[in-house]
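A.B. asks: below: sequence and its predicted model.
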Amino acid sequence: MFKASNGEEIFIIDAHIALWDGSKENQLNIHGEQFISCFYDYHKNLSPKEYWWPKDEFVKYSPEKLVNDVFMEGYVDMAIFQPVFLKEFYKNGFGNFDANEELSKKYPNRFICNGTFDPRHGERGLEKLEENKEKYNWQGVKLYTADWYGNSKGYKLSDDWSKRYLEKCQELGIRNIHIHKGPTITPLNRDAFDVADVDDAASCFPELNFIVEHVGLPRLEDFCWIATQEKNVYAGLAVAIALIHDRPRYFAHIISELLYWLDEDRIIFGSDYAIWEPKWIIEKFLEFELPEDIQEETGVTFDLEVKKKILAGNAARLYNIDIEKQKEKLKNCQLSKWIA
Amino acid sequence: MDKEKQVYSMLEKVYDPELDQPLTELGFIDQVLVKDNHVKVVFRLPTYWCSPNFAYIMAEDIRKYVSEIEWVKTVQVHLLDHCASDEINHGASAGKSFREVFHNVSDGDLEELRKTFDIKAYYARQEKLMKYLLKIGMSKEEITSLSLQELNELSLPEEGRLLREKYLEKKKVFHHSSTFAITTPEGKPLTEEEFSDYLKGAKLTRLSMEFNAHYCRGLLEARYNLSAAYEGSLAK
């Protein structure tokens, strides 16, 4: 909850957080080491200096630290886990469903634990998806199309097997498909960040919501084009919003373009914790105003009402959260007492 | 000019296709080693995961441009700290095609990809020029009806001259037959009605490329702990 200067309490859903283990002990190979180092460079590149973590803490942090940074310090009321596994790089995986579940049980009503699948696991994976839905009651999945699996260096949402998995999601009521597009997807002679497969999947599965994390960056233009055509495509702001400190004019351009091409109902806040802490992002986001010249080019509105939709309203709609009821539920939660 | 400087001046022609900026300005060149008539160019990228196809394009172009220097006999290209360093270094130094090197994970060469990014760079450079022309008071009609010759003859201050030069340099790649100065990448002139929408689309491409450039520079700096002083010298 963020208390605005007029006393208004602003409810916040952070739709992109993680609890990971990138430690040396868990790394399988050099790729595991490089993966977490790359995250650490993202962290240092865009965080304000006073929020830089020491690297040894960054590679593996405790659930208590997460709770502190996200809820106690970070103004967030609810957070959504978007796990990434990377089994080819880490012995026990980078993320871990059970660790997420455990934390969610400890602090009821605070977390939504999304799952994942890999269409390259074939029939066996389809069965597993059903089992997991049963066990964890997933409402969404995070897909990392750049993940390695055997000789494969990635997959596309337009692959036949991906479609079978999406069909299964539709059947099971897993409605929110969060996609992170990373590089190294074959065939390697094409643009590795191409988001065209999202277009295909979104038009095949109109009942599912496709939240493109990092707004398709580095292919913002392709993403906006697709999102204009497909109304079930959403912009996940993780990464883009972290520019707000170091590159505020770029952030202004990006948010202004997103509001213009997509409208204010399809943009969703995510800090990408622990790459960045929600505290500084939310503070800066709430006080941010579009520079006049940028606002004039698109003519969009970026006021408190719009910010509230981005910070909670839009994600609440996708995850069937009634914000007023949720506030009541959280009033007596142990964390609320600590924060007060 | 000494040999090393000659190599650097050729490297100024090598662009990151995705960012549309020269490697020398991005800080991607780590060092140049010259021994007699043999050159080794060592380069580095902002992450271990940067797309191998873009890395390959850069490696190929380094070899191609440096080989154009009269005294150069061999060019060895060496990419540091990358998930596909070995394949890229062996392949590009030996002048092999991308398809030969990555035959198991590619179904062709990089020509399509180069073209896609030429088009993006074209939009980005064109948008900057069009905005500039609007800013100095030209109307949409004047801009859409401008011929190449008229654009070349416009008397512009330095900023405008640079934008024009950059745009025309990219336009050459497409071999347009039309004599209009401002056309789509396919060479079709714009109508006054199409002008605003076209510009909005081109702007999105320009923003995307600029965002990538900023992000990549920052990551390179974080990855190699480049000091502020070093960054300053890059900006020269």
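C.D. replies: Everything's here; your move. Everything numeric here is computed off the predicted structure, so don't read it as measured data.
A.B. asks: need the three-state assignment for A:Ser5.
C.D. replies: Classification of A:Ser5 by DSSP: H, G, I helix; E, B strand; the rest coil places it in coil.
A.B. asks: okay, now the spatially closest residue to A:Lys60 that is not a sequence neighbour: neighbour count?
C.D. replies: Sequence neighbours aside, A:Ser23 is the residue nearest to A:Lys60 in space, at 4.2 Å (criterion: C-beta to C-beta, 6 or more residues apart in numbering or on different chains). For glycine as for every other residue, the C-beta is placed from the backbone atoms N, C-alpha and C. By other C-beta atoms under 10 Å in any protein chain shown, 14 other residues sit near A:Ser23.
A.B. asks: pretty sure A:Ser23 contacts A:Val59?
C.D. replies: Yes. Using C-beta atoms under 8 Å, A:Ser23 is in contact with A:Val59, at 5.1 Å.
A.B. asks: now residue 174: phi and psi?
C.D. replies: Picking chain A for this. Per-residue torsions, A:Ile174: phi -90, psi 100 (degrees, to the nearest 10).
A.B. asks: excluding sequence neighbours, find me the nearest residue to it.
C.D. replies: A:Trp138 (5.2 Å).
A.B. asks: in the chain, where is pLDDT below threshold?
C.D. replies: Just so you know, I chose chain A. A:182-187 (pLDDT under 70).
A.B. asks: sorry, should have said chain B
C.D. replies: Within chain B, the stretches with pLDDT under 70 are B:227-236.
A.B. asks: near chain B, which residues of the stretch 1-150 of chain A?
C.D. replies: A:31, A:34-35, A:37-38, A:40-42, A:44-46 (C-beta under 8 Å from any C-beta of the partner chain).
A.B. asks: let's see it at 7 Å
C.D. replies: A:31, A:34, A:38, A:41, A:44-45 (C-beta under 7 Å from any C-beta of the partner chain).
A.B. asks: now do the stretch 151-300 of chain A
C.D. replies: Contact residues, the stretch 151-300 of chain A versus chain B (C-beta under 7 Å from any C-beta): A:153, A:183-184, A:186-192, A:217-221, A:224, A:246-247, A:250, A:253-254, A:257.
A.B. asks: how does chain B divide into domains?
C.D. replies: Chain B breaks down by automatic domain parsing into domains covering B:3-109, B:112-214.
A.B. asks: of those, which stretch is the most buried?
C.D. replies: Sort the domains of chain B by mean neighbour count, taking mean count of other C-beta atoms under 10 Å in any protein chain shown, and domain B:3-109 sits at the top with a mean of 19.
A.B. asks: what sits against B:Ile88?
C.D. replies: B:52, B:55-56, B:59, B:79, B:82 (C-beta atoms under 7 Å, 6 or more residues apart in numbering or on different chains).
A.B. asks: ok, and the closest non-adjacent residue to A:Glu33?
C.D. replies: A:Glu33's closest residue in space is A:Gln27 (C-beta to C-beta, 6+ apart), at 5.3 Å.
A.B. asks: actually A:Trp276, not the one I wrote
C.D. replies: A:Ala242 (4.7 Å).
A.B. asks: burial check on the one you found, number of neighbours?
C.D. replies: Residues lying near A:Ala242 (other C-beta under 10 Å) number 26.
A.B. asks: same deal with B:Met1?
C.D. replies: Neighbours around B:Met1, by other C-beta under 10 Å: 8.
A.B. asks: assign a three-state SS to it, would you?
C.D. replies: Assignment for B:Met1 (three-state DSSP): coil.
A.B. asks: give me the nearest residue to it, chain neighbours excluded.
C.D. replies: Per C-beta to C-beta, 6+ apart, closest to B:Met1 is B:Ser9, 7.5 Å.
A.B. asks: ranges for the strands of the chain?
C.D. replies: Looking at chain A here, since you left the chain open. A:2-3, A:9-10, A:13-17, A:78-81, A:111-113, A:140-144, A:176-180, A:209-213, A:233-236, A:267-268 (DSSP state E).
A.B. asks: my bad, the chain I had in mind was chain B
C.D. replies: B:15-16, B:21-22, B:29-35, B:38-43, B:74-79.
A.B. asks: need these in a markdown table (columns: distance to A:Asn332).
C.D. replies: Listed next are the strands of chain B as a markdown table, based on distance: least, C-beta to C-beta, whole Å:
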| stretch | distance to A:Asn332 |
| --- | --- |
| strand B:15-16 | 54 |
| strand B:21-22 | 55 |
| strand B:29-35 | 58 |
| strand B:38-43 | 58 |
| strand B:74-79 | 57 |
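A.B. asks: ok, which of these comes nearest chain A?
C.D. replies: Smallest distance to chain A across the strands of chain B (C-beta to the nearest C-beta): 11.6 Å, for strand B:15-16.
A.B. asks: list, one by one, the residues from chain B near chain A.
C.D. replies: Applying C-beta under 7 Å from any C-beta, we find that chain B lies next to chain A at B:18, B:47-53, B:83, B:98, B:102, B:105-110, B:113, B:116, B:204-205, B:207-208, B:211-212, B:214, B:218-219, B:222-223.
A.B. asks: ok, A:Lys91 touching A:Asn26?
C.D. replies: Yes. A:Lys91 lies in contact with A:Asn26 (C-beta atoms under 7 Å); the separation is 5.3 Å.
A.B. asks: ok, these two, which is more surrounded?
C.D. replies: More crowded of A:Lys91 and A:Asn26, by other C-beta under 10 Å: A:Asn26, with 18 against 13.
A.B. asks: for the lengthiest helix in chain A, name the packing helices and strands.
C.D. replies: Secondary structure of chain A per DSSP state H: the longest helix is helix A:30-46. Judged by 3 or more C-beta pairs under 7 Å, 6 or more residues apart in numbering or on different chains; DSSP states H and E, the packing partners of helix A:30-46 are helix A:55-59, helix A:243-246, helix B:195-223.
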